[in-house]
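S.K.: Model the structure of this input:
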Amino acid sequence: MTVTPQPRHTSQSPPAALQQVAGLLEGEAVGRIVAASTDLSLVIDADGVIRDATVGADLKAETVAGWLGRRWIDTVTVESRPKVNALLRDARAEGITRWRQVNHPCPDGIDLPIRYASIRPAGDGPILVLGRDMRAVAALQRRLMETQQALERDYDRLRAAETRYRLLFQISGEPVLVVDAGTRRVAEVNPAAARLLGRPARRITGQDAVDLFDASSTRALEAQFAALRATGQAGAIRASLPHERGEVTVSASLFRGEGGASALLQLAADPAATAAGPDQEAPTAAVLAAMPEGFVVTDPSRRVLMANAAFLELAQLATEGQARGRTLDHWLGRDEMEAQALFATLVDHGAVRRFATVIRGAYGGLEDVEVAAVSVAGPRPCLGFAIRSGPRRIAEGRSASAIGRGLPRSVEQMTELVGRVSMKTLVRETTDLIEKLCIEAALRITRDNRASAAEMLGLSRQGLYAKMRRYGVGDLDGPADDA
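M.R.: Take a look at the predicted model:
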């Protein structure tokens, strides 16, 4: 079955029925129809001069009256003149031109936007220009632009407010958690809260807030959240932190944002001790601050809580704020393994005495020191380090004896072998010397603790023993201190 498509009528070719009706209309009737169907119609002669104009109800007649007898192109703005030329050039009897928006300057300073199309009814006759008033559309466009600009300004203000909030949230010394009130999941955590809880911030985010505390406080925290959801208010409670990190006071406040309710949890560590502390602890703090030897207090993760002026001088720091919050590893030890050996011994035995190491200054300075350290348990566990500068003459004498006893003499002996033995043999002998020196240094740092020395060197305990026998290092027949 074949379907014959029906002809479609466009504005360029009116239907036959309309053509028949148009043929029966008189000139006056056609004028009334044109006036009723458009907001403005102009009759333009062959020279482009406006000879007649018909104005709709929404336009003022006096606005158009001044255009009569003038060239149409002289009544529009500069940027609209190419459009007027195109409308006059393209006008023909076969069909109407495409619509173009033209702006007319007005005495009140606001341009009059008109959307025009043209047609030449007779081949050499005048041109009929049909216009539609676009002021309503222009007003909507202006309102849209003003609304967009207002939204941009509001967005800038919100972004500035969020930046201020983020900055205050991060630098605040008060531990704060932002928790979803429905699911109790932590949405945000500031650095102070992460330090108090003893976990990295990324491991706290997404966790159930109740799970961040000791199991003995679960019921009290659940009751606090239930009261917060039911009434919007909840009293402060005391909760215990896990791993014997002490107790805190938890205060909760409810607020709404982003279509949901959230809770702001404020954690205050032992406020009673804080209130009673200044009178009792001030003399102790003053004594520690004035000590001529370095003194540092850290949390169990070795982040500095307090440092006196003597330590700041050793570390080449200007203020205590430059040290607070950073790990002691930044300044202590010749290398990472030496610092790890100190901390491992402190964890195993609870105290360290006369640990010889160095302090690395912020500007590259090295200072030989002896460290005494202690681990303090309790509600707020911490680590204390007393750092004493080593006598320079002793350090220099020890370095000279070590240099004279070890490396330079062996290097001198090996350079004397150049030309007498092959390079392969010489490299093997050099490797053996370096291995021996490393084993001796590891045993000296770990106080002959062979298990720690093997871990420091990246060897198994059996591998360390084999190398000690090979190089004749240590007393393998005596009791091994591997605890």
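S.K.: Could I get the buried residue list for stretch 191-201?
M.R.: Going by neighbour count (16 or more other C-beta atoms under 10 Å), the buried part of stretch 191-201 is A192, A193, A194, R195, L196, L197, G198, R199. (Each C-beta comes from the backbone N, C-alpha and C, glycine too.)
S.K.: Could you list the low-pLDDT ranges of the chain?
M.R.: Applying pLDDT under 70 to the chain flags residues 1-37, 258-259, 270-284, 391-426, 429, 476-483.
S.K.: Spatially central residue for it, please.
M.R.: R166 (9.4 Å; C-alpha atoms, centre = their mean).
S.K.: Tell me which helix or strand it sits in.
M.R.: Secondary structure from DSSP states H and E places R166 in helix 135-171.
S.K.: out of the buried residues of stretch 191-201, who's nearest L221?
M.R.: L197 (13.8 Å; C-beta to C-beta).
S.K.: ok, the closest one touching L212?
M.R.: Yes: applying C-beta atoms under 8 Å, one finds L197 in contact with L212, separated by 5.8 Å.
S.K.: Pull up the overlap in contacts between these two.
M.R.: I204 (C-beta atoms under 8 Å, 6 or more residues apart in numbering).
S.K.: Would you mind splitting this structure into its domains for me?
M.R.: Following automatic domain parsing, one gets these domains for the chain: 16-133, 172-269, 273-390, 401-471.
S.K.: could you redo these as TSV and give each row distance to E146?
M.R.: Formatted as TSV, these follow (distance: least, C-beta to C-beta, whole Å):
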stretch	distance to E146
domain 16-133	15
domain 172-269	27
domain 273-390	48
domain 401-471	69
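S.K.: Go through these and name the closest to R143.
M.R.: domain 16-133 (14.4 Å).
S.K.: Kindly calculate the angle that the next helix or strand after the helix holding R166 makes with helix 135-171.
M.R.: Following helix 135-171 in sequence order, the next helix or strand is strand 176-180 (DSSP H and E). Interaxial angle of strand 176-180 relative to helix 135-171 (axes from the mean of the first three to the mean of the last three C-alpha atoms, to 10 degrees): 130 degrees.
S.K.: Quick one: residues in contact with strand 176-180.
M.R.: With C-beta under 8 Å, 6+ apart, strand 176-180 has contacts from 169, 185-190, 192-193, 204, 209, 212, 260-267.
S.K.: Just the buried ones out of those, please.
M.R.: Looking at the contacts of strand 176-180 with 16+ other C-beta under 10 Å, the buried ones turn out to be 186-190, 192-193, 204, 209, 212, 262-263, 265-267.
S.K.: Filter these down to just the ones in strands.
M.R.: Among these, the members found in strands (DSSP state E) are V186, A187, E188, V189, S262, A263, L265, Q266, L267.
S.K.: Out of these, which comes closest to G378?
M.R.: Nearest member of those to G378, counting by C-beta to C-beta, is L267, at 18.2 Å.
S.K.: measure the closest one to L305 for me?
M.R.: Per C-beta to C-beta, to the nearest Å, L267 is found 17 Å from L305.
S.K.: Same check on G350?
M.R.: 19 Å.
S.K.: which residues touch G257?
M.R.: G257 touches nothing, counting by C-beta under 8 Å, 6+ apart.
S.K.: Taking the buried ones among the contacts of strand 176-180 together, which two end up most distant?
M.R.: Pairwise distances across those (C-beta to C-beta) peak at 18.7 Å, for the pair A192 and S262.
S.K.: Phi, psi for K83 please.
M.R.: Backbone torsions for K83, taken as degrees, to the nearest 10, come to phi -70, psi -40.
S.K.: Can you show me the strands along the stretch 351-483 of the chain?
M.R.: 351-360, 366-376, 382-389 (DSSP state E, counting those that start in this stretch).
S.K.: of all these, which gets the most neighbours per residue?
M.R.: strand 382-389 (a mean of 19; mean count of other C-beta atoms under 10 Å).
S.K.: ok, back up a step: columns distance to Q141 on top of the strands of the stretch 351-483 of the chain, output as JSON lines?
M.R.: Converted to JSON lines, those look like this (distance: least, C-beta to C-beta, whole Å):
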{"stretch": "strand 351-360", "distance to Q141": "66"}
{"stretch": "strand 366-376", "distance to Q141": "71"}
{"stretch": "strand 382-389", "distance to Q141": "67"}
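S.K.: between those, which gets nearest to A160?
M.R.: strand 382-389 (39.5 Å).
S.K.: Take the host helix or strand of R202, keep the C-alpha atoms, and write them as PDB.
M.R.: Assigned by DSSP H and E, R202 falls within helix 201-204. Output in PDB follows, covering the C-alpha atoms of helix 201-204 (Å, rounded to 0.1, in the frame of the first residue of the first chain):
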ATOM      1  CA  ALA A 201      40.900  12.100  60.100                       C
ATOM      2  CA  ARG A 202      40.300   9.900  57.000                       C
ATOM      3  CA  ARG A 203      39.700   6.900  59.200                       C
ATOM      4  CA  ILE A 204      37.200   8.800  61.400                       C
END
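S.K.: Show me how far the helix or strand just after it is from its chain's centre.
M.R.: Next along the chain after helix 201-204, taking DSSP H and E as the criterion, comes helix 218-231. Between the centre of helix 218-231 and the centre of its host chain there is 32 Å, according to C-alpha atoms, centre = their mean, to the nearest Å.
S.K.: And helix 218-231, what does it pack against?
M.R.: Judged by 3 or more C-beta pairs under 8 Å, 6 or more residues apart in numbering; DSSP states H and E, the packing partners of helix 218-231 are strand 237-240, strand 247-257, strand 260-269.
S.K.: And that helix, what's buried?
M.R.: L221, Q224, F225, L228.
S.K.: For that helix, which outside residues touch it?
M.R.: Taking C-beta under 8 Å, 6+ apart as the rule, helix 218-231 contacts 181-182, 184, 209-210, 213, 233-235, 237-239, 250, 252, 254, 261, 263.
S.K.: V250 bridge partners, please.
M.R.: I237, L267 (DSSP bridges).
S.K.: since we're on the nearest residue to E435 once chain neighbours are set aside, how many residues are nearby?
M.R.: Distances taken as C-beta to C-beta, 6 or more residues apart in numbering place K467 nearest to E435, at 6.3 Å, with adjacent residues excluded. Other residues near K467 come to 18 when the count uses other C-beta atoms under 10 Å.
S.K.: again, but for V248
M.R.: Neighbour tally, V248, other C-beta under 10 Å: 25.
S.K.: tell me the contacts of it?
M.R.: P175, L196, R238, A239, L241, L267, A268, A269, D270.
S.K.: measure it to S262 for me?
M.R.: 20 Å.
S.K.: Over to R100?
M.R.: Distance from R100 to S262, counting by C-beta to C-beta: 55 Å.
S.K.: got it, and A226?
M.R.: 16 Å.
S.K.: Same question for I204.
M.R.: I204 is 15 Å from S262, by C-beta to C-beta.
S.K.: right, and the strands of the stretch 351-483 of the chain - which one's nearest P300?
M.R.: The nearest among the strands of the stretch 351-483 of the chain, by C-beta to C-beta, is strand 382-389 at 6.7 Å.
S.K.: mind listing what that closest one pairs with, with the direction of each?
M.R.: strand 294-298 (antiparallel), strand 366-376 (antiparallel).
S.K.: How far does it sit from its chain's centre?
M.R.: 36 Å.
S.K.: quick one: contacts of it?
M.R.: 293-300, 302, 305, 310-311, 314, 328, 332, 346, 359, 367-376.
S.K.: so T298 sits right up against D329, yeah?
M.R.: No: in this structure T298 lies outside contact range of D329 using C-beta under 8 Å: 10.2 Å.
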